[in-house]
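Visitor: From the sequence below, what's the structure:
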Amino acid sequence: MSSASNRAKLLVATTNAGKAREIGRVLGGLPFDVVSLAEVLPKASYRERGRTFLENAHGKSRRYAQLSGLLTLAEDSGLEVEALGGAPGVHSARFARPDPSDERNLGKVLRLLRDVPRPKRRARFVCAMVLSGPDGVVAEIVGEVRGVIAESPKGSNGFGYDPIFYYPRLGKHFAELTAEAKNAVSHRGRALKKLIKVLRGLEVRG
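Guide: Next up, the predicted model:
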């Protein structure tokens, strides 16, 4: 994810390989060297305690910016299902605890919605991003996309809950979309479009 150039570094503060790939792919055309936590702070950790995606992203962004001294992007994202009162929400990555995995997490959602009819299976993906420098927060961004939880998984692309998230406008599950098609409509893709404008503004001021 990094290179040996003299360009400014942008630390993407996530240990989720799928998220890192999506973010790095979208930001690849900007004049920043995108680096990962594994490269810069391999032993650092942050315990998410926020009640919202934005609170978690804020905490991670500030901590890793201070530790690294770099411009740092942190994000927290997940699935909110109306029929489940907004769950799994901030617990999306560990919904099937004590032994969570993508497959177990989405399996739990499907079990909880087993008797819920399609009109009541509305859901949304939310992505909160916070960009910070060593001296403080630079920008806070939120992106979301609305869809429906399908009755069974479909597709082999993406990660997380993508196989059960049906996007009516395209008539496909997120896991059926190419990376490019998903980034064009997803919660993370929409947040990244806003982030790119912020980063380009920093470039101009710099």
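Visitor: who touches the nearest residue in space to residue 102 that is not next to it in sequence in this structure?
Guide: Leaving aside its chain neighbours, residue 102 sits nearest to residue 160 (5.5 Å; criterion: CB to CB, 6 or more residues apart in numbering). From N, CA and C alone the C-beta is placed, and that goes for glycine too. By CB atoms under 8 Å, 6 or more residues apart in numbering, residue 160 lies in contact with 18, 79, 92-93, 102, 105-106.
Visitor: distance of residue 160 from residue 92?
Guide: 7 Å (CB to CB, to the nearest Å).
Visitor: Spell out which residues are contacts of both of the two.
Guide: Common neighbours of residue 160 and residue 92 (CB under 8 Å, 6+ apart) are 79, 105.
Visitor: what helix or strand is residue 54 on?
Guide: helix 53-68 (DSSP states H and E).
Visitor: Tell me what angle the very next helix or strand once past that helix forms with helix 53-68.
Guide: Counting by DSSP H and E, the next helix or strand C-terminal to helix 53-68 is strand 71-81. Per axes from the mean of the first three to the mean of the last three CA atoms, to 10 degrees, the angle that strand 71-81 makes with helix 53-68 is 160 degrees.
Visitor: who's in contact with stretch 10-22?
Guide: 1, 23-24, 27, 30, 32-38, 40-41, 46, 60-61, 64-65, 68, 70-75, 77, 93, 158-160, 179, 182-183, 188-189, 199.
Visitor: just how off-centre is that stretch within its chain?
Guide: Between the centre of stretch 10-22 and the centre of its host chain there is 9 Å, according to CA atoms, centre = their mean, to the nearest Å.
Visitor: which residues does the residue nearest in space to the middle of the chain contact?
Guide: Residue closest to the mean C-alpha point of the chain, counted by CA atoms, centre = their mean, is residue 77 at 4.4 Å. Residues in contact with residue 77 (CB under 8 Å, 6+ apart) are 19, 53, 92, 125-128, 187-188.
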